[in-house]
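**Student:** Got a sequence here, can you model it:
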Amino acid sequence: MKKVITFIVLFISACANHVPNFSPAGNELPDGVVGQAYFAKVEITNAVLFKENIGVDISPVNSGLIWKPEVITLKRGGQEREEEDYHHIIISGRPKEMGEIMIHINGYSMGTSMPGSKIDKSYIVKINGGGR
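**Tutor:** Numbers count the residues shown, from 1 in each chain. Below you'll find the model as predicted:
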């Protein structure tokens, strides 16, 4: 009986925690170098996300970095289709200038048994000069 009660308590508390989690957890992404290829991935868990409810702002706008969702290939019955996964945000490109670039992920998660949550996470990317 104790195991059943423990399971019910853990299950209910897991359902009640609807705050999105971000990885990496801090507010910095890996440093970059002017003119060199940059790649970083942000993972958002504990949230239901779609194209319509999430956005990413990169500033300055002409920094050389862009964002896109990860594209996954789904297979079923011998058929394949590609789908955008907004739980995995890819930041890539070639930084143009030294300094800091702000990555702001915003929007809201969709709720299932409870209302969704606001998404508001910022990261800093430090861009260093190329040592040529």
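**Student:** Between the two ends of stretch 56-65, how far is it?
**Tutor:** Stretch 56-65 has an end-to-end distance of 12 Å (criterion: C-alpha to C-alpha, to the nearest Å).
**Student:** Let me see the residues that make contact with stretch 66-75.
**Tutor:** 41, 51, 56, 58, 80-93, 103 (C-beta atoms under 8 Å, 6 or more residues apart in numbering). Where you see a C-beta, it was placed from the backbone N, CA and C, and this is true even at glycine.
**Student:** And the helices in the protein?
**Tutor:** 2-16 (DSSP state H).
**Student:** Show me where it dips below the pLDDT cut-off.
**Tutor:** Flagging of the chain using pLDDT under 70 yields the residue ranges 1-18, 111-115, 131-132.
**Student:** now do 50
**Tutor:** Residues of the chain meeting the criterion pLDDT under 50: 4, 7, 9-14.
**Student:** where along it do the strands fall?
**Tutor:** With DSSP state E as the criterion, the chain has strands at 21-23, 32-33, 38-45, 54-59, 65-76, 79-93, 99-108, 118-128.
**Student:** Mean neighbour count, those: which tops it?
**Tutor:** The highest average neighbour count among the strands of the chain, using mean count of other C-beta atoms under 10 Å, belongs to strand 32-33 at a mean of 20.
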